[in-house]
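Engineer: Sharing a model that was predicted from the sequence below.
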Amino acid sequence: MTARIGVVTFPGTLDDRDTQRAVRVAGAEAVPLWHRDKDLKQVDAVVLPGGFSYGDYLRAGAISRFSPVMETIIAQAKAGMPVLGICNGFQVLTETHLLPGAMLRNNHLHFICRDQRLRVETTATAWTADYTAGQEISIPLKNIDGRYVADERVLDELEAEGRVAFRYLDVNPNGSLRDIAGISNAAGNVVGLMPHPEHAVESLTGTGRTDGLGFFTSILTNLVQKGAAA
Amino acid sequence: MARVVVDVMLKPEILDPQGQAVQRALPRLGFDGIADVRQGKRFELEVDGPVDEAALARIHEMAETFLANTVIEDFVVRVDEESAAGKAGAK
């Protein structure tokens, strides 16, 4: 059976359609989820896409964190369901405390939009299994609240446990501490990153590369293996 | 109706580029002698009913869970005495 990947739309979400498309390009079924739905429609995994949920009015991701769909997602994520947060989705994941730290205004205060090189630091997550450790990829980045911060103790813990999933290469675009572009939770099922893999899944658009596709095929690999083990 | 003010500030150790941008602009505008600027948020809450201990406890909880992100921000909750005094009569 085809894997069902939920893609959440909050008021102000922009990248839900691209994310649904990326899910389909990878070979899974994309299931749209509305922020007011408590029911996750029996999806196998969830992506929180990019955009400006609730206009980022209080803090990026702060208001959507309390939506009905997030209540269910938080509970399911704690139970092991794979969740990927991209950009605004990453901000939502830090606000929920599913991932540690917080996202702040870029250190130079500019909105930034560029092709960003990253290093995949770990394949031990639900969303990075199809990459190789140390692999360098290039995917688009576009944000103004992309500066990842956490206190020293948390940063050391993330490094020690191999939970820094992605690091910026060439340039740190926003002042993120220790060049962190993305992290995972301890179990590896919850991953957040600022750059946008869903915009780099077809050679015709975006960077012209398909470096982002690995996120969406990884989750399929992961689900198939889990299914085979069960 | 009384007003309760919640001030939210980035923790001292967190870089505040917005405050820095304001501080850098000051000399250019002829305002000298400001060594540092940090920018925060102020919420003014108009409260129905009395601002008693229970109401303040609720607002404290609201600030902690929602208005501030305590990973990066500190907050202070206080009753706006002026609104309280104005309410009591005078004028």
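Structural biologist: Now that the structure is in, tell me what you want to look at.
Engineer: Show me what the top strand by length along chain B packs onto, helices and strands only.
Structural biologist: Scanning chain B for the longest strand, with DSSP state E as the assignment, gives strand B:2-10. If contacts are counted by 3 or more Cβ pairs under 8 Å, 6 or more residues apart in numbering or on different chains; DSSP states H and E, strand B:2-10 sits against strand B:41-47, helix B:53-62, strand B:73-79, helix B:81-88. (C-beta placed from N, C-alpha, C; glycine too.)
Engineer: Now do that strand: distance to the chain's middle.
Structural biologist: When distances are taken as Cα atoms, centre = their mean, to the nearest Å, strand B:2-10 is centred 3 Å away from the chain's centroid.
Engineer: Quick one: mean pLDDT for stretch B:43-55?
Structural biologist: Mean pLDDT, taken over the full extent of stretch B:43-55, equals 94.
Engineer: Now do that stretch: distance from first to last residue.
Structural biologist: With Cα to Cα, to the nearest Å as the measure, stretch B:43-55 spans 16 Å from end to end.
Engineer: That one and chain A in contact?
Structural biologist: No - Stretch B:43-55 lies out of reach of chain A by Cβ under 8 Å from any Cβ of the partner chain, never closer than 9.5 Å.
Engineer: Now do the buried residues in that stretch.
Structural biologist: For stretch B:43-55, the neighbour count (16 or more other Cβ atoms under 10 Å in any protein chain shown) marks B:43, B:45, B:47, B:51, B:55 as buried.
Engineer: Is stretch A:80-95 positioned near chain B?
Structural biologist: Yes - for stretch A:80-95, a contact with chain B is found by Cβ under 8 Å from any Cβ, at A:94-95.
Engineer: tell me which residues in that stretch are buried?
Structural biologist: By neighbour count with 16+ other Cβ under 10 Å, stretch A:80-95 contains the buried residues A:81-95.
Engineer: Check stretch A:217-230 too.
Structural biologist: A:217-220, A:222-223.
Engineer: pLDDT, secondary structure and distance to residue A:66 added to these, as CSV?
Structural biologist: Putting those into CSV (pLDDT from 0 to 100; DSSP: H, G, I helix; E, B strand; the rest coil; distance: Cβ to Cβ, whole Å) gives the following:
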residue, pLDDT, secondary structure, distance to residue A:66
A:217, 96, helix, 32
A:218, 96, helix, 29
A:219, 94, helix, 26
A:220, 92, helix, 31
A:222, 86, helix, 29
A:223, 87, helix, 29
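Engineer: nearest spatial neighbour of residue A:42, skipping sequence neighbours?
Structural biologist: Of all residues not flanking residue A:42 in the chain, residue A:4 sits nearest, at 6.6 Å (Cβ to Cβ, 6 or more residues apart in numbering or on different chains).
Engineer: what do you get for residue B:6?
Structural biologist: Excluding the flanking residues, the one nearest residue B:6 by Cβ to Cβ, 6+ apart is residue B:43, at 4.3 Å.
Engineer: Next, the contact list for the one you found, please.
Structural biologist: By Cβ atoms under 8 Å, 6 or more residues apart in numbering or on different chains, the contact list for residue B:43 reads B:5-8, B:63, B:67.
Engineer: likewise residue A:58?
Structural biologist: By Cβ under 8 Å, 6+ apart, residue A:58 lies in contact with B:66-67.
Engineer: Kindly recompute the last result at 10 Å.
Structural biologist: Neighbour list for residue A:58: A:65, A:95, B:8, B:41, B:43, B:66-69 [criterion: Cβ atoms under 10 Å, 6 or more residues apart in numbering or on different chains].
Engineer: Show me what from chain B comes close to chain A.
Structural biologist: B:8, B:10-11, B:13-18, B:20-21, B:39, B:41, B:43, B:65-73 (Cβ under 10 Å from any Cβ of the partner chain).
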